[in-house]
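1. sequence? don't have it. structure:
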């Protein structure tokens, strides 16, 4: 007897419709199962930078590549199918996705690419992208004029001409 997935809907659905759905989903998942997959990602912004967590269970750090170029962070790698049938084992169900993957993220200009850090722990790849302190610090910019001191004097003379009970006064 072969193993089959229990979805809890077998008793409520007609057998032909259930078979149709199972075939549709199994074929669409299994046809892409060994060619590639898209790992799940959680990304957030913190006060000091950005954090990207990628779910990569069963993947070794040697099989992962992280690149940063022209503002784009790319995480790629491969999960290899290494299970072997034998000793009376035949797979009845294979839901784990295998193959190569690529995820890319465009980051703002205020990041410091030289301090990007990555750590793989319990199947979660955590990439930390710090913000560049020089680019995020608030600065006050002084405005200078082309004429220099002359602008200040002309502003004062205008005030003298337009003050006295709101009427124009000739100097």
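-> Thanks, I have it. Please read these numbers as outputs of a predicted model, since none were measured by experiment.

2. in this protein, which segments are predicted with low confidence?
-> Along the chain, segments meeting pLDDT under 70 span 1-35, 85, 136, 148-171.

3. can you give me the helices in it?
-> Taking DSSP state H as the test, the helices found in the chain are 15-33, 133-136, 149-161.

4. Counting neighbours, what do you get for residue 111?
-> Other residues within reach of residue 111, judged by other CB atoms under 10 Å, total 20. Heads up, the C-betas are built off the backbone N, CA and C, glycines and all.

5. just residue 74 next, same as before
-> 13.

6. distance of it from residue 41?
-> 12 Å (CB to CB, to the nearest Å).

7. tell me, what's touching these two both at once?
-> Residues touching both residue 74 and residue 41 (CB atoms under 8 Å, 6 or more residues apart in numbering) are residue 103.

8. what sits against residue 135?
-> 109-110.

9. Repeat the analysis, applying 6 Å as the threshold.
-> Applying CB atoms under 6 Å, 6 or more residues apart in numbering to residue 135 gives the contacts residue 110.

10. give me every residue that touches residue 119.
-> By CB under 6 Å, 6+ apart, residue 119 lies in contact with residue 126.

11. Please name the bridge partners of it.
-> Residues in a beta bridge with residue 119, per DSSP bridges, are residue 126.

12. Quick check: the gap between it and residue 53.
-> As for residue 119, its distance to residue 53 is 10 Å (criterion: CB to CB).

13. May I have the beta-bridge partners of residue 73?
-> For residue 73, the beta-bridge partners under DSSP bridges are residue 68, residue 105.

14. Residue 102 is in contact with that one, correct?
-> No: under the criterion of CB atoms under 6 Å, residue 73 is not in contact with residue 102, lying 11.4 Å apart.

15. So for the two, which sits in the more crowded spot?
-> Neighbours of residue 73 and residue 102, each counted by other CB under 10 Å, are more numerous for residue 73; the result is 20 against 12.

16. Would you agree residue 52 is in contact with residue 128?
-> No: in this structure, residue 52 is not within contact of residue 128 by CB under 6 Å, at 8.1 Å.

17. Looking at those two, which is more packed in?
-> Per other CB under 10 Å, whichever of residue 52 and residue 128 has more neighbours is residue 52, with 21 against 16.

18. quick one: contacts for that one?
-> Contacts of residue 52 were listed using CB under 6 Å, 6+ apart, and they are 43, 127.

19. Roughly how far does residue 60 sit from residue 94?
-> 20 Å.

20. Could you do residue 132 as well?
-> 45 Å.

21. can you check residue 59 too?
-> 17 Å.

22. quick one: which of those two has more around it?
-> Between residue 59 and residue 94, counting by other CB under 10 Å, residue 59 is the more crowded of the two (19 against 14).
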